[in-house]
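Chemist: Return a 3D structure for these sequence lines:
(chains A, B and C)
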Amino acid sequence: MTTRIRSIGALMGVAALALVAGCGTQGASSSGNSPQAGGFTPPAIPMQQSMGKTEGSVNILAWPGYAEDGSNDPKVDWVTPFEQQTGCQANVKYFGTSDEAVSLLKTGNYDVVSASGDASLRLIASGDVAPVNTSLIKDYNQIEPFLKDKAWNSVNGQMYGVPHGWGANLLMYRTDQVSPAPTSWGAVFDQSSSYKGKVTAYDSPIYIADAALYLMKTQPDLGIKNPYALDQTQLDAAVSLLKNQRTNISEYWSDYLKEVSAFKSGDSVIGTTWKVIQQVAASEKAPVKAILPTEGATGWSDTWMISAKAQHPNCAYAWMSYITEPKPQSEVAQYFGEAPANGQACKLTGAAFCKAYHTTDQAFANKIWYWTTPISQCLDGRTNTTCTNYGDWTQAWTEIKG
Amino acid sequence: MIISPRLKAVLQVLTTLVVVVVYVPLLLVMVNSFNVDRTFGWPPRGLTFHWWNVAFHSSGARHALLVSLEVASLATLISLVLGTCGALALRRTRFFGRNTVSLLIILPIALPGIVTGIALNNAFRTMLGLQLGFLTVVVAHATFCIVTVFNNVQARVQRIGTSLEQASADLGAGPLRTFALVTFPMLRSALLAGGLLSFGLSFDEIVVTTFTAGSQTQTLPIWIFQNLFRPNQAPVVNVVAAVLVLVSAVPIYLAQRLSGDTVSGVTATP
Amino acid sequence: MSPTDATAAPARTGRGSILARSSGLRTGLLLLPPMLWLGVAYLAALAALFVTSLWGQDDFTGAIVRVWTLHNYQDLVHIPVYRTIAFRTIGIAALVTVVDAVVAFPIALFMAKVASPRVRRLLVIAVLMPLWASYLVKAYAWRGMFSEGGLIDWAGKPFGLHSPGYGLVATTITLAYLWLPYMILPIFAGLERVPNSLFEASGDLGAGALTTIRRVVLPMAFPAVVAGSIFTFSLSLGDYIAVQIVGGASQLLGNVVYANVGSANNLPFASALATVPVVVMLVYLAAARRTGALDNL
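Modeler: Numbers count the residues shown, from 1 in each chain, chains lettered A, B, ... in the order given. Got it, this is the predicted structure:
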């Protein structure tokens, strides 16, 4: 009897392992699809040709503040009108970093995602998003031309998404605890010890680019031309700057509300932010201001993309059409604090808003270092060396946090 | 005298201190559920019943509560069956694999939740190609709830011995009849205790649930996690938590009364 | 009484069945459902995870590359930060366990030996009720208490003390608080089983109360303490949520695993990381079994 049980157990064990070795994990690719010289070939995914009947619901993956349905602030709601117009019940999931967006979209549970430049190319390369038929987007012709057919949202002339809006990462500080008012990113880097234990920073490897941007301006002999194109020496310099900053960090944030609560309670007094966070914190009576420092900033240019495995493709196109119309664009832009992609939204936000955010100012838009995935082939065009890729940055980020 | 009066006094003081410390955060939660300020400054600027009102009308919280109750009930049911089977199987025989079996049963709860979570997530999604949802959560919960039932039933069968069942067999009852008429009534309170613990474990579980629930299923802990930091919802979360604590006194008290003695009603040991 | 007694009766009344006669078959049948469940749902999942840790990942697309490689484990061993994090996590888990054991023992002793039955019942309820308040809400309450101007700052002001803020100290205190009931209950059960006569005998032999506790009770209750420690140790080893809430900028093993699964999309590396707590717990369980703690759960 003991041997019988023993052998049953052994048999199960062997069966389990055999099963496992056979199936294991799918989603494998034989060679990886990193961009080679001259770009890469995305997997062939069919593009939707015409609008069909809407499916009744849509699963949206969005940056916080992009798809407000009144649950955060009853006066801030552009999702309910969408649901009423199209009959598509919207289920919105927020994410905190582009990495989370990529990994959530890969589950296949979402139809449409607002991808920043550091997520979009990865999604295209891995075949997780489908090319977008821009003729199905109602106000596509109103979108600023300098946002179309860019390196991060199109491949070989085919658009993979609909531009949503763009903006810069800002420096936020508590006006009652930080003085004089800062004007440079140095406040969170070289001078971070003035705010011992109260500095905050964005919890993602992409933040290394912020350090690289600072070094670009303050240590020109490092030769950094593009904060996303760092060879090993340059990456090491950025890592060392960030390790110094680490000793003064209170918390790293990826959940935007955590940053709001930290500034409200005073556990963080200075750090990188999005405009929406400053606006929400101010509405919570926290004395905060956000500025664009003199060195410039990293930022994001976001694109709505449709999942290759979308279960509600028609509702997804309906959402992408809706969110790029002038009225919703003006509402998002004002709530989030960014430049809308649709220039017609300026008529609804007022000229002052559009001027403040440089909505139609292509020259200004080109000065922001939008989030881009670092790859081995240097993005600044250098061919005499290889640059560090996102895997190296992820590794470095864990070391920085310690 | 068992313990000197001085030591008794010291123990009494320490116990009171510990109970106070245990309840301070819970009282804070209760106070914050009445706090006017949405981000819980201390001391509170004022008190209001507004959040309790919002909480009772919150469909999100109600729906999540329902899902949690369903998941916990199903998981408890499954673990009751499996745990009892396991405990009954192991009691008489002393075979080589006995310790291994006990180890295997305790493993889901002894290994950190995140390991169990990612293992099950990987197994469900990529190995079996399942869509994550209600059933995958139930399966995951049942897996780590088995041990609580197993321990309770095992402790009980060790205490009652086998003589009554053997007498029943001597009188001509088959094994199934013996189980239904003799064994089961003796195990009832152990099953209740194990079931209650299992229910509580499943009800408050967040880590494994995050990995196995998918995007559509929202148990109460997941709802709480998503709303914890939202200024408009955080006070509602506090209300929900306060209600849970107050309501939980009832099943705990019931378990105590029904089990007879103080501890086996709530732990595994006799 | 041997199983063969059971076979005599059925022959007499004609109620023979293979189930009644073969207790081995009965055992096997009873064991099959739970073993199948655990084997399929759990062991196979763990094995699959382990197999994944031997594969690679394309870090641009996030796709898993099914090429056998040991480089995840090599990274784990050679890159110092992971060693630091692993040791830090084990250290915190051990500290939390010790704190909980020290705090739980007096209250468990009071409940088991000093309290009247009514008080004992009330105390059991009092210890159990916090388990039903959501783990997240409790951690968040502590976040409020540790924050600038929160309860701890407010309480410490007259003494000139400040809250330690978010960090490892806050994490340890919060984790110790969260797992305290899991430590109190097994110790209480274990102490209840220590017969009062031992106390009296020890007193008769001239030992004071403290000596009795130290030399008679503690060794007997030790397996129960170890049983409780299994929970506190394991729960702290894998925790990533409480750390995110009160830990400030610190990261523990659970956070790195979570970041690699979720954000970094690097399941192979996360699986390799996950083997660390598994190995630690298996070693711990093996040691715990020696002390007889597993019978005390």
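Chemist: use CA for all of it now, contacts and neighbours both
Modeler: Noted.
Chemist: ok, the residue in the stretch 201-350 of chain A that chain B sits nearest to - contacts?
Modeler: In the stretch 201-350 of chain A, the residue that lies nearest chain B is residue A:257 (5.7 Å; CA to the nearest CA). Neighbour list for residue A:257: A:277, B:229-231 [criterion: CA atoms under 8 Å, 6 or more residues apart in numbering or on different chains].
Chemist: Columns neighbour count, distance to chain C and pLDDT on top of those residues, output as CSV?
Modeler: Formatted as CSV, the contacts of residue A:257 follow (neighbours: other CA atoms under 10 Å in any protein chain shown; distance: CA to the nearest CA, whole Å; pLDDT from 0 to 100):
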residue, neighbour count, distance to chain C, pLDDT
A:277, 25, 19, 92
B:229, 21, 9, 77
B:230, 21, 12, 78
B:231, 21, 13, 73
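Chemist: Kindly export the longest strand along chain A (C-alpha atoms) in CSV.
Modeler: Longest strand in chain A by number of residues (criterion: DSSP state E): strand A:298-307. What follows is strand A:298-307, C-alpha atoms only, in CSV (Å, rounded to 0.1, in the frame of the first residue of the first chain):
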residue,chain,number,x,y,z
THR,A,298,11.2,64.8,-20.7
GLY,A,299,7.6,64.3,-21.6
TRP,A,300,5.2,62.1,-23.4
SER,A,301,3.2,62.1,-26.6
ASP,A,302,0.3,59.7,-26.2
THR,A,303,-1.4,57.7,-28.8
TRP,A,304,-4.6,55.7,-28.6
MET,A,305,-3.9,52.3,-29.9
ILE,A,306,-6.2,49.3,-30.5
SER,A,307,-5.4,45.9,-29.3
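Chemist: which strands and helices sit next to that strand?
Modeler: Secondary-structure packing of strand A:298-307 (3 or more CA pairs under 8 Å, 6 or more residues apart in numbering or on different chains; DSSP states H and E): strand A:112-115, helix A:117-125, strand A:129-130, strand A:162-168, helix A:208-218, helix A:313-323, strand A:369-370.
Chemist: Pick the most deeply packed of those.
Modeler: strand A:112-115 (a mean of 29; mean count of other CA atoms under 10 Å in any protein chain shown).
Chemist: Given that one, what are its sheet partners and their directions?
Modeler: strand A:57-62 (parallel), strand A:298-307 (antiparallel) (DSSP bridges).
Chemist: Let me have those strands in a markdown table, adding mean pLDDT, distance to residue C:109 and mean neighbour count as columns.
Modeler: What follows is the strands paired with strand A:112-115, written out as a markdown table (pLDDT from 0 to 100; distance: least, CA to CA, whole Å; neighbours: other CA atoms under 10 Å in any protein chain shown):
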| stretch | mean pLDDT | distance to residue C:109 | mean neighbour count |
| --- | --- | --- | --- |
| strand A:57-62 | 94 | 53 | 23 |
| strand A:298-307 | 94 | 60 | 26 |
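Chemist: what's the closest non-adjacent residue to residue C:268?
Modeler: Spatial nearest neighbour of residue C:268, chain neighbours left out: residue C:53 (4.2 Å); criterion: CA to CA, 6 or more residues apart in numbering or on different chains.
Chemist: measure that neighbour to residue C:61 for me?
Modeler: Computed as CA to CA, to the nearest Å, the residue C:53 to residue C:61 distance reads 18 Å.
Chemist: check whether stretch C:84-95 contacts chain B.
Modeler: No. Stretch C:84-95 stays clear of chain B (CA under 8 Å from any CA of the partner chain), getting no nearer than 11.6 Å.
Chemist: All set now, cheers.
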